[in-house]
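*Asks:* Okay, predicted coordinates and the sequence, questions at the end:
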Amino acid sequence: MRLGVTPRVAVVIVTYNSAEVLGACLSALPDDVSEVVVADNNSKDATVGHRQGDVARVVQVGRNAGYAAGINAGLPRWATSPTSW
């Protein structure tokens, strides 16, 4: 890390029917997290509507494609381009 440069921390959270626990998950993130993307794997509960646009951006994967597909759907949605993954 270069001196004088504050690293930006972005998080991708992959969900499926997680409305009951998503709020606690988002609240537990440390203060230095600058960006959160929630990749939803076609939840049937209220996960998608939960705090959308408030704390995190929600990306709808469109089907229950699994963890890896959720991460792959969420990474390009960062507002800032990651310098390394």
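*Replies:* Sure thing, it's come through.

*Asks:* contacting residues for residue 46?
*Replies:* residue 19 (Cβ atoms under 8 Å, 6 or more residues apart in numbering). Where C-beta positions appear, they are placed from N, C-alpha and C, glycine not excepted.

*Asks:* Also the one 3 residues further on?
*Replies:* If you count contacts by Cβ under 8 Å, 6+ apart, residue 49 has none.

*Asks:* Look up how far residue 11 lies from residue 32.
*Replies:* Here residue 32 is placed at a distance of 11 Å from residue 11 (Cβ to Cβ, to the nearest Å).

*Asks:* These two: which is more packed in?
*Replies:* Between residue 32 and residue 11, counting by other Cβ atoms under 10 Å, residue 11 is the more crowded of the two (17 against 9).

*Asks:* what bridges to the more buried one?
*Replies:* residue 36 (DSSP bridges).

*Asks:* Would you confirm that it contacts residue 37?
*Replies:* Yes - proximity of residue 11 to residue 37 meets the contact threshold set by Cβ atoms under 8 Å, at 7.3 Å.
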